[in-house]
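[1] fold the following for me, if possible:
(4 chains)
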Protein chains: 2
Amino acid sequence: MRVVDELCTVSLPAALLGERWTLQLLRQAFLGTRRFEDFQSALDISRSVLTDRLGTLVEAGVLRREAYKDARTRYEYRLTEKGLDLYPVLMALRRWGDRWMAPEEGPSFDLSHRSCGGGVGVHVTCEGCGVELTARDVQVTPPR
Amino acid sequence: MRVVDELCTVSLPAALLGERWTLQLLRQAFLGTRRFEDFQSALDISRSVLTDRLGTLVEAGVLRREAYKDARTRYEYRLTEKGLDLYPVLMALRRWGDRWMAPEEGPSFDLSHRSCGGGVGVHVTCEGCGVELTARDVQVTPPR
DNA sequence: CCCCTGAGTTCGGAAATCGAACCCTAGCTG
DNA sequence: CAGCTAGGGTTCGATTTCCGAACTCAGGGG
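    So this is what the prediction gives:
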């Protein structure tokens, strides 16, 4: 990667999340998965790669590896603040999946606002005037 | 992948976009890149893999391959409606990159609302009461 | 005719992934 | 206390995927 690194701040996250399995791991993490074994069996990923990916994510500060006792010392991987802040990315992905790749009978999980029961939306908006924006409404200005 | 396929609609998009280079290709596409050679030199990806990835994206309906004349027949890859609708995903990625991986002097590209000049924000909100949501505010309900 | 360009394809070697087996630790079983 | 079990990894040989560089093909241009 040459040019990429100098461009906008999409490319670094894209390099991290664009590694195989990483997005799937995060999805599992947001669904509550924390233990090595559970990731492994949920995703059907090879154990060595799982070790590697979890390590990458921990290094990136997205997950944190923590010991806990359950009659014995075990480890769990939990989202850090930085990791939790990826939520909009996952939600945007989900919204797109719902719209364009849904398996006929709609999403198989239901998300709702814990306190009022409303649905979850993702919006790209103008911070000046507040309207919803599409790619065509946005102007890209190179650094200088 | 066994369990994954049955879960929420994050996993299918995640499998598509989680392939190496795919996110980077999309980022380039949103920046206006359309020609094979331009993707290749912008990303420094090997030509054979580029062929493959562009094909995958075309098959997925995210890009469309179109002939055009520029003194001669050439081809270009353009975002379809389905592809353009991935904008929130890229914006969410960017916002996260700005917050957590910014290279010191802030984002190197500037995005603004074409008609009013305002910044671009990404928000996960409740469609009932309108408040902004984080992962902790959202409840996941299995299918049944 | 020869060269150039865009868009690929082909191919041998390097790197990543896979599946299966193996390791280590600590509690439980008998 | 020997043996079994479970979580969390590591190791290893066989595949797959990726890489870089060279080659192909078609249509201009000089």
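
[2] in chain A, what residue spans correspond to helices?
    Secondary structure of chain A (DSSP state H): helices at A:11-17, A:22-30, A:36-43, A:47-59, A:81-84, A:87-100.

[3] how about the ones you listed in CSV, adding mean pLDDT, mean neighbour count and distance to DNA strand D?
    From N, CA and C alone the C-beta is placed, and that goes for glycine too. Putting those into CSV (pLDDT from 0 to 100; neighbours: other C-beta atoms under 10 Å in any protein chain shown; distance: least, C-beta to the nearest atom of the strand, whole Å) gives the following:
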stretch, mean pLDDT, mean neighbour count, distance to DNA strand D
helix A:11-17, 93, 22, 11
helix A:22-30, 96, 23, 13
helix A:36-43, 95, 17, 4
helix A:47-59, 97, 15, 4
helix A:81-84, 97, 16, 16
helix A:87-100, 95, 23, 20
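
[4] quick one: those as TSV, columns for distance to B:Leu133 too.
    Putting those into TSV (distance: least, C-beta to C-beta, whole Å) gives the following:
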stretch	distance to B:Leu133
helix A:11-17	21
helix A:22-30	13
helix A:36-43	24
helix A:47-59	23
helix A:81-84	12
helix A:87-100	8
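
[5] export those helices to TSV and tack on distance to DNA strand C?
    What follows is those, written out as TSV (distance: least, C-beta to the nearest atom of the strand, whole Å):
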stretch	distance to DNA strand C
helix A:11-17	12
helix A:22-30	9
helix A:36-43	9
helix A:47-59	4
helix A:81-84	20
helix A:87-100	19
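
[6] compare those helices and give me the one nearest A:Ser112.
    A:Ser112 lies closest to helix A:87-100 among these, at 12.7 Å (C-beta to C-beta).

[7] in terms of secondary structure, what does that closest one contact?
    helix A:22-30, strand A:120-126, helix B:11-17, helix B:87-100, strand B:120-126 (3 or more C-beta pairs under 8 Å, 6 or more residues apart in numbering or on different chains; DSSP states H and E).

[8] can you put the ones you listed in CSV and add distance to B:Asp38?
    Converted to CSV, the helices and strands packed on helix A:87-100 look like this (distance: least, C-beta to C-beta, whole Å):
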stretch, distance to B:Asp38
helix A:22-30, 26
strand A:120-126, 25
helix B:11-17, 21
helix B:87-100, 18
strand B:120-126, 24
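
[9] of all the ones you listed, which lies closest to B:Asp110?
    Among these, the nearest to B:Asp110 by C-beta to C-beta is strand B:120-126 (9.6 Å).

[10] which of the residues in that closest one are buried?
    Buried residues in strand B:120-126, counting neighbours by 16 or more other C-beta atoms under 10 Å in any protein chain shown, are found at B:120, B:122-126.

[11] quick one, what contacts A:Ala67?
    By C-beta atoms under 8 Å, 6 or more residues apart in numbering or on different chains, the residues touching A:Ala67 are A:73-75.

[12] which of those residues ranks first by neighbour count?
    Neighbour counts for the contacts of A:Ala67 (other C-beta atoms under 10 Å in any protein chain shown) peak at A:Arg74, which has 14 neighbours.

[13] quickly note the distance from the nearest residue to it once chain neighbours are set aside to A:Phe39.
    Once flanking residues are discounted, A:Arg74 sits nearest to A:Tyr68: 6.0 Å by C-beta to C-beta, 6 or more residues apart in numbering or on different chains. To A:Phe39, A:Tyr68 is 16 Å away according to C-beta to C-beta, to the nearest Å.

[14] next one: A:Leu111
    21 Å.

[15] and what of A:Trp96?
    24 Å.

[16] what are the contacting residues of stretch A:48-58?
    For stretch A:48-58, the external contacting residues (C-beta under 8 Å, 6+ apart) are A:16, A:19-22, A:25-26, A:36, A:39-40, A:43, A:45, A:63-65, A:77, A:83.

[17] for A:Thr141, give me the pLDDT.
    Looking at A:Thr141, its pLDDT is 84.

[18] then A:Phe109?
    So, for A:Phe109, pLDDT stands at 79.

[19] neighbours around it, how many?
    Neighbour count for A:Phe109, taken as other C-beta under 10 Å: 16.

[20] wait, it touches B:Val140, no?
    Yes. The pair A:Phe109 / B:Val140 is scored as a contact, 5.7 Å apart, by C-beta atoms under 8 Å.
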